[in-house]
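# what would the 3D arrangement of this be:
(one chain, ligands or ions: 1)
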Amino acid sequence: MEQNIWQQKWVIGNWKMNGQLQDNNALVHKLRSLPEHNNVCIGISPPTVYLLQVHQAVQIVLKNKIFTCAQDVSRFAEKGAYTGEVSAEMMKDVGVDIVLIGHSERSLYFNEKNDVQRQKIENVLKVGLIPLLCVGESLKEREDGREKEAVAYQLSVFKGLKTQNFAVAYEPVWAIGTGKVATKEQIADMHQFIYDEILSLCGNDANIRVLYGGSVNDKNAAEIFSVPHVDGALVGGASLKYDSFTAIINAAQSAE
Ligand SMILES: O=C(CO)COP(=O)(O)O
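Next comes the predicted model:
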């Protein structure tokens, strides 16, 4: 029976700008032999050019469904003269299930702000895919005690949306790719805050998944998954290695 993904732990590998046809195939091929993980929704987020390859490769998984996730999408909804852009409709056409929106690297290198993220979320919802909004404070914001203010502002893109499904990744910017992980207390506090914010913005019957991201690896995953309101992980570097990614999936499967 198909599991309800809104009750599972999500473990999504964000490959960022990494991957090559052969390596991708090898990694997905190995993932196919994983035993059944009925508590976990597994996802892979390759660079756009490899989405179709990954989608086709995960069609033949044996025990687990593996979701294909895009790292970004165009803010333009309709097809047309937008050189270099890929629409949500095209993503759906090649088999994408989930689309990451507003990763901090998008804000850092492409100056992406709330208004653009809102357009992208609307485009993704319009074609029936799931947006996964990434939020998180900078080091300066945390040092100044403004981390909740920063995250609340980022979450405000959800206001008034016509959806009952909210997927968020809390990724403190200072923990991404640095080896520094937020403490259990910091994670618990922020995940509770994100739940409360979504419920107050969107009403009580929302489906909510809040993933933690930032230096998650095979050593710390079990501890992170034991924190209340941690519904999974968005994994960068460690998702590129089969052993560490599967250890994180196993930790999610064993979590309460
Ligand atoms: O940005 C991230 C996932 O989206 C986290 O990256 P790392 O796991 O490499 O810190």
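
# pretty sure residue 41 is touching residue 7, no?
No. With contact defined as C-beta atoms under 8 Å, residue 41 does not reach residue 7; the gap is 9.4 Å. Where C-beta positions appear, they are placed from N, C-alpha and C, glycine not excepted.

# could you pull up phi and psi at whatever residue of the stretch 151-256 of the chain ends up closest to the ligand?
As assessed by C-beta to the nearest ligand atom, the ligand sits closest to residue 236 within the stretch 151-256 of the chain, at 2.2 Å. Note on residue 236: its backbone torsions stand at phi -90, psi -100 [degrees, to the nearest 10].

# what sits against it?
Counting by C-beta atoms under 8 Å, 6 or more residues apart in numbering, residue 236 touches 14, 16, 176-177, 213, 215-216.

# with secondary structure added, can I get those residues in a markdown table?
Formatted as a markdown table, the contacts of residue 236 follow (DSSP: H, G, I helix; E, B strand; the rest coil):
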| residue | secondary structure |
| --- | --- |
| 14 | strand |
| 16 | coil |
| 176 | coil |
| 177 | coil |
| 213 | strand |
| 215 | coil |
| 216 | coil |
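
# out of these, which are buried?
Taking 16 or more other C-beta atoms under 10 Å as the criterion, what is buried in these is 14, 16, 176, 213, 215-216.

# which of these come close to the ligand?
14, 176, 213, 215-216 (C-beta under 6 Å from any ligand atom).

# tell me which two of those residues sit farthest apart.
Spatial extent of those (C-beta to C-beta) is set by the pair 14 and 215 at 12.6 Å.

# in the helix or strand hosting residue 186, what's buried?
Using DSSP states H and E, residue 186 maps to helix 184-202. For helix 184-202, burial by neighbour count (16+ other C-beta under 10 Å) applies to 186-191, 193-195, 197-198, 201-202.

# hmm, which of those residues is lowest in pLDDT?
For the buried residues of helix 184-202, the weakest pLDDT value sits at residue 202, with 84.

# so what's it closest to, chain neighbours aside?
Take residue 202 and drop its neighbours on the chain: the residue closest to it by C-beta to C-beta, 6 or more residues apart in numbering is residue 158, 6.3 Å away.

# gap between that neighbour and residue 208?
Note on residue 158: its distance to residue 208, by C-beta to C-beta, to the nearest Å, is 11 Å.

# need the overlap of contacts for these two.
166, 198.

# of these two, who's got more company?
Taking other C-beta atoms under 10 Å, residue 158 and residue 208 do not tie; residue 158 has more neighbours (20 against 17).

# now the helices for the stretch 1-150 of the chain?
Counting by DSSP state H, counting those that start in this stretch, the stretch 1-150 of the chain has helices at residues 21-31, 51-58, 88-93, 104-110, 114-126, 139-143, 147-155.

# who touches the third one?
Same thing as helix 88-93. Contacts of helix 88-93 (C-beta under 8 Å, 6+ apart): 51, 70, 73-74, 77, 79, 99, 120, 123-124, 126-129.

# what of the fourth one?
In this structure, residues lying in contact with helix 104-110 by C-beta under 8 Å, 6+ apart are 16, 72, 112-113, 134, 136, 171, 173, 176.

# now swap in the fifth one and tell me
Applying C-beta under 8 Å, 6+ apart, the external contacts of helix 114-126 come out as 72-77, 87-88, 91, 99, 101-102, 130-131, 133, 153-154, 156-158, 161-163.

# and the pLDDT at the closest residue to residue 55 other than its chain neighbours?
Excluding the flanking residues, the one nearest residue 55 by C-beta to C-beta, 6+ apart is residue 95, at 3.3 Å. Note on residue 95: pLDDT of 97.
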